[in-house]
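Peer 1: Show me how the following folds:
(chains A and B)
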Amino acid sequence: MNATVEGVLSANARLTGEIDVLKAELDGFTYSVSHDLRAPVRAVLGFARVVADDHGSALDEEGRRLLAVVQSEASRMGDMIDALLALSRIGREAMAYLPVDMAGLVYEVVAERAVQEQSLFDVGDLPGVCGDRVLLRQVWANLLSNAVKFSSRTPTPQLRVWATRDAARVIYHVGDNGVGFDMKCADKLFGVFQTLHRRARFPGTGAVLAMVKRIVHRHGGTVWADAQLDVGATFSFALPDEGTQ
Amino acid sequence: MTDFDDIEILLVEDNHNDAEMTMRALRKGNFLSKPSWLKDGVEVPEFVRCEGPFESRNPQQLPKLVLLDQKMPRLDGLNVLRELKGSDRTCAIPVVAMTSLNQERDLTETYRLGVNGCVTKPVQFRSFVEAVALIGMFWLCVNQVPAE
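Peer 2: Now for the predicted structure:
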């Protein structure tokens, strides 16, 4: 009996180790591919710009339009590559595990944004957790900028940040009264490069929430969202409640 | 070799496209004299000592700024840096490392060897031009080096 349990445990430990190795390899791969892709994209953008600046007058209107398409798509590719790099970095960097004042982090992030946006935030009591301050700051920055962005077309945007608790977790919420999304697409939301709204309305690479998910998972937590189209969205993440002492 | 005289900026870059972009960016930043461009780190020691293909260069003319790519096939940025900073004659020449991406471990070593600045080449051309102009402005117009 004991031998069986030990066998299962050691197999489990071995598999976990293998998964960690594979994850590290995948992050390394993502990093080096996106790193190497930067140089050619930089050249495409640079030379397209030279054509536009120095030879733009030799092109007719249609030629200039087509060139602008090349520039904007190459620029988007550059942003996507940088987003991939940022994502791979989350998995690669060593994580500090210290008490973090979550309320302080939120105020820091809010203060960084324009003052007129600050008045929109209603921040409730936020208990602290243990985790990596830099990464958790990124979570707040991404969720808050996401909320600001998707409520930017609402006449009176209202953003709310609050926390709840259950048996073993602290759950943080960021709510907005923006465009929301159809819950049928909820499973796509945290995927890399997934955008549920037309880019022309809400520009972005679709990596903001993927970053949030990776960071929260690295902290042993979970993340999810509730929303209703044209009414608003609430993003929540739960972290293990181990106190901050 | 008159091309290499009267120089202010020495660009060491193996990627032709990046070199062309950098030279354009310098021009856009109003640094009008053409930088001297070396395509591999191995040429740098010969260049500053006026040896080999640079024999006819004026030995009094040292560059006022070196823009140094990090990854080069024969002699990479770190070794060029070691060479330049290791000699009294060239140690005060500001060297700015141009990296494709900031990899922390590499950067620590780069700073240990005495680099004057490290810049990640931005993907967006506008940011690239801004970065190069700022580098040129500071190191050529603001920074002070020992009198010869």
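Peer 1: tell me, what residue is most central in chain A?
Peer 2: Computing the C-alpha centroid of chain A and ranking residues by Cα atoms, centre = their mean puts A:Val208 first, at 2.5 Å.
Peer 1: doesn't A:Ser145 make contact with that one?
Peer 2: Yes: the pair A:Val208 / A:Ser145 is scored as a contact, 7.1 Å apart, by Cβ atoms under 8 Å. Quick note: C-beta positions are derived from backbone N, CA and C, even for glycine.
Peer 1: contacting residues around the residue nearest to the centre of chain A?
Peer 2: A:142, A:145-146 (Cβ atoms under 8 Å, 6 or more residues apart in numbering or on different chains).
Peer 1: next one: B:Asp76
Peer 2: B:Asp76 touches B:41, B:70, counting by Cβ under 8 Å, 6+ apart.
Peer 1: any idea how far it lies from B:Leu113?
Peer 2: Applying Cβ to Cβ, to the nearest Å, the value for B:Asp76 to B:Leu113 is 12 Å.
Peer 1: returning to that earlier point: and which of the contacts of A:Val208 is nearest chain B?
Peer 2: Nearest to chain B out of those is A:Ser145 (Cβ to the nearest Cβ; 19.5 Å).
Peer 1: Which helix or strand lies directly C-terminal to the strand or helix carrying that closest one?
Peer 2: Using DSSP states H and E, A:Ser145 falls within helix A:133-150. Per DSSP H and E, the first helix or strand lying C-terminal to helix A:133-150 is strand A:159-165.
Peer 1: on contacts alone, who are the packing partners of that following strand?
Peer 2: strand A:121-123, helix A:133-150, strand A:169-176 (3 or more Cβ pairs under 8 Å, 6 or more residues apart in numbering or on different chains; DSSP states H and E).
Peer 1: starting at the chain centroid, how far to it?
Peer 2: The chain centre lies 19 Å from the centre of strand A:159-165; the measure is Cα atoms, centre = their mean, to the nearest Å.
Peer 1: List the contacts of it.
Peer 2: Counting by Cβ under 8 Å, 6+ apart, residues outside strand A:159-165 touching it are A:102, A:106, A:120-127, A:144, A:147-148, A:151, A:170-176, A:241.
Peer 1: near chain B, anything from the helix or strand harbouring A:Thr4?
Peer 2: Assigned by DSSP H and E, A:Thr4 belongs to helix A:2-55. Yes: counting by Cβ under 8 Å from any Cβ of the partner chain, contacts between helix A:2-55 and chain B involve A:35, A:38-39, A:41-43, A:45-47, A:49-50.
Peer 1: Quick check: buried residues in whichever helix or strand comes after that helix?
Peer 2: Next along the chain after helix A:2-55, taking DSSP H and E as the criterion, comes helix A:61-92. With burial defined by 16 or more other Cβ atoms under 10 Å in any protein chain shown, the residues of helix A:61-92 counted as buried are A:67, A:71, A:74-75, A:77-88, A:90-91.
Peer 1: Would helix A:61-92 count as contacting chain B?
Peer 2: Yes: judged by Cβ under 8 Å from any Cβ, helix A:61-92 comes into contact with chain B through A:75, A:78-79, A:81-82, A:85.
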